[in-house]
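S.K.: pasted the sequence and its predicted model underneath.
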Amino acid sequence: MAVKKAAECSSKALAEEVHRWGAMKQNGVSLRYMMEFGARPTEKNLLLSAQFLHKELPVRIARRAIELESRPFGLSQKPAVLKVRDWYLESFRDIRSFPDIKDSNDEVAFTQMIKMIKVRHNNVVPAMALGVQQLKRDINCKVVSELEEIHRFLDRFYMSRIGIRMLIGQHVALHDPDPEPGCIGQINTRLSPMQVARTASEDARSICFREYGSAPDVNIYGDPNFTFPYVPSHLHLMVFELVKNSLRAVQERFMDSDKDVPPVRIIVADGIEDVTIKISDEGGGIARSGLPKIFTYLYSTAKNPLDENYEGVSDGVTMAGYGYGLPISRLYARYFGGDLQIISMEGYGTDAYLHLSRLGDSQEPLP
């Protein structure tokens, strides 16, 4: 009985602390600030970075934990969502119980801990997707607009997750004793969008091959010498997702046709404010009535790959099927001040415009 009472007290104290921290102000950073700060990863700078994260991460994590408790339609009670909430509470507890960071030994220990937190949260996206699928099944909802509140929540939730993982990943990467030339943490100051487009296209084509036995060609146009500062993993994820969608559309449209299969075309344009990557296909396009749905988390034209067992699914897994690729890609674009637009000609094909801000000084959008 005493043990039970102690556990109740401790969980009540944790809940109160989570709500106290969740009410605090978040502090956003810009890509430019991350580059300037990380360009000199001295012991002092790493200490300052760790001290900032020690205060900032609990605020962001607490806000998400609170939101996970109060979702409508019973989403908060779905087992997969409860598991995600527990991960956030555990991470909050870990950081809050870590003492003040005073020297480099503390900083190294803190870095190891947040590295483990990042790994703990690897499966958040598929777990949340599973919770939403269960919700859709339970309420048999045909009208997506009824779930508008869920969609807005997921936008906030995933945008915050991108920010948390970027901050942790950047701090951890600054410890790399042998960084690649031009790299500051996770940011490549001389990133070639042409090179990323090539790699992402090959990855998408190999998945298309695996699924259909063949894949359309991808032609890439632009200046091969052009570079700009960006996070390679973010750009790869967005281009991979868009090319994968295009390949699937073209492949399925021309599967039983004796016509030549048209290639997917990627154009990289270097503007003064934006770098724009346009991905065009002749996959038949999307009906105008379907366009508003493509950025919701509750719509997908692919078969659903999710089942009850999402353990072991990592961020690297293909997103096709649970309708998350496009909305999450748009959040990645917006995280550093860019955007993603889809323009479609039904009966012909689709153009995706990925706008990436090259100024790098827009603040993180903090939900």
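M.R.: Yes, it's here. Since the model is a prediction, treat every value here as computed from it, not as a measurement.
S.K.: just for the stretch 101-250 of the chain, where's the confidence low?
M.R.: 140-146 (pLDDT under 70).
S.K.: let me see the ranges of the strands in it.
M.R.: Assigned by DSSP state E, counting those that start in this stretch, the stretch 101-250 of the chain shows strands spanning 183-184, 187-191, 218-221, 228-230.
S.K.: gap between the residue lying closest to residue 75 once chain neighbours are set aside and residue 126?
M.R.: Nearest in space to residue 75, with sequence neighbours left out and distances taken as CB to CB, 6 or more residues apart in numbering, is residue 135 at 5.1 Å. In short, each C-beta sits where N, CA and C put it, glycine included. According to CB to CB, to the nearest Å, residue 135 stands 15 Å off from residue 126.
S.K.: so who does the residue nearest to residue 75 touch?
M.R.: When contacts are counted by CB atoms under 8 Å, 6 or more residues apart in numbering, residue 135 touches 73-75, 78, 150.
S.K.: in the stretch 151-300 of the chain, which spans are helices?
M.R.: Assignment of helices within the stretch 151-300 of the chain using DSSP state H, counting those that start in this stretch yields the ranges 193-212, 232-254.
S.K.: just name the most buried of these.
M.R.: Using mean count of other CB atoms under 10 Å, the stretch among the helices of the stretch 151-300 of the chain with the greatest mean number of neighbours is helix 232-254 (a mean of 22).
S.K.: for it, packing partners?
M.R.: Helix 232-254 sits against strand 187-191, helix 193-212, strand 264-270, strand 274-281, helix 325-335, strand 349-357, with contacts defined as 3 or more CB pairs under 8 Å, 6 or more residues apart in numbering; DSSP states H and E.
S.K.: per-residue confidence averaged over the fourth one?
M.R.: Okay, so that is strand 274-281. Here the mean pLDDT over strand 274-281 is 97, rounded to a whole number.
S.K.: quick check on residue 70: phi, psi?
M.R.: Summarising the backbone geometry of residue 70 under the convention degrees, to the nearest 10, its torsions are phi -130, psi 40.
S.K.: neighbours around it, how many?
M.R.: For residue 70, the count of nearby residues is 9 (other CB atoms under 10 Å).
S.K.: so who does it touch?
M.R.: Taking CB under 8 Å, 6+ apart as the contact definition, residue 70 lies against residue 76.
S.K.: so how far is residue 77 from it?
M.R.: Per CB to CB, residue 70 is found 11 Å from residue 77.
S.K.: and if you look at residue 343?
M.R.: Using CB to CB, one obtains 39 Å as the distance from residue 343 to residue 77.
S.K.: go on, residue 111?
M.R.: Going from residue 111 to residue 77 by CB to CB gives 35 Å.
S.K.: equivalent analysis for residue 41, please.
M.R.: Distance of residue 41 to residue 77, given as CB to CB: 44 Å.
S.K.: more crowded one of these two?
M.R.: Of the pair residue 41 and residue 77, residue 41 is the one with more neighbours under other CB under 10 Å, namely 18 against 13.
S.K.: for that one, give me its contacts.
M.R.: So, once contact is read as CB under 8 Å, 6+ apart, residue 41 ends up touching 174-175, 185.
S.K.: what bridges to residue 344?
M.R.: Going by DSSP bridges, residue 344 is paired in beta bridges with residue 350.
S.K.: residues in contact with it?
M.R.: Residues in contact with residue 344, defined by CB under 8 Å, 6+ apart, are 285-286, 288, 291, 350-351.
S.K.: list just the nearest of those residues to residue 242.
M.R.: Closest approach between these and residue 242, by CB to CB: residue 350, at 9.3 Å.
S.K.: wait, the closest one touches residue 341, no?
M.R.: No - distance between residue 350 and residue 341: 10.9 Å, which falls outside the contact criterion (CB atoms under 8 Å).
S.K.: so where's the stretch 251-367 of the chain uncertain?
M.R.: Judged against pLDDT under 70, the low-scoring parts of the stretch 251-367 of the chain cover residues 299-323, 359.
S.K.: hmm, try it at 80
M.R.: Using pLDDT under 80 as the threshold, the predicted model of the stretch 251-367 of the chain has low-confidence ranges 298-323, 359-364, 366-367.
S.K.: one step back: turn the helices and strands packed on helix 232-254 into TSV, including distance to residue 168.
M.R.: Conversion of the helices and strands packed on helix 232-254 to TSV gives the following (distance: least, CB to CB, whole Å):
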stretch	distance to residue 168
strand 187-191	14
helix 193-212	22
strand 264-270	30
strand 274-281	26
helix 325-335	14
strand 349-357	22
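S.K.: to residue 239, which of those lies closest?
M.R.: Distances from residue 239 to each of the helices and strands packed on helix 232-254 were compared by CB to CB, and the smallest falls on helix 193-212, at 3.9 Å.
S.K.: from the chain's centre, how far out does that closest one sit?
M.R.: Put simply, helix 193-212 sits 19 Å off its chain's centre (CA atoms, centre = their mean, to the nearest Å).
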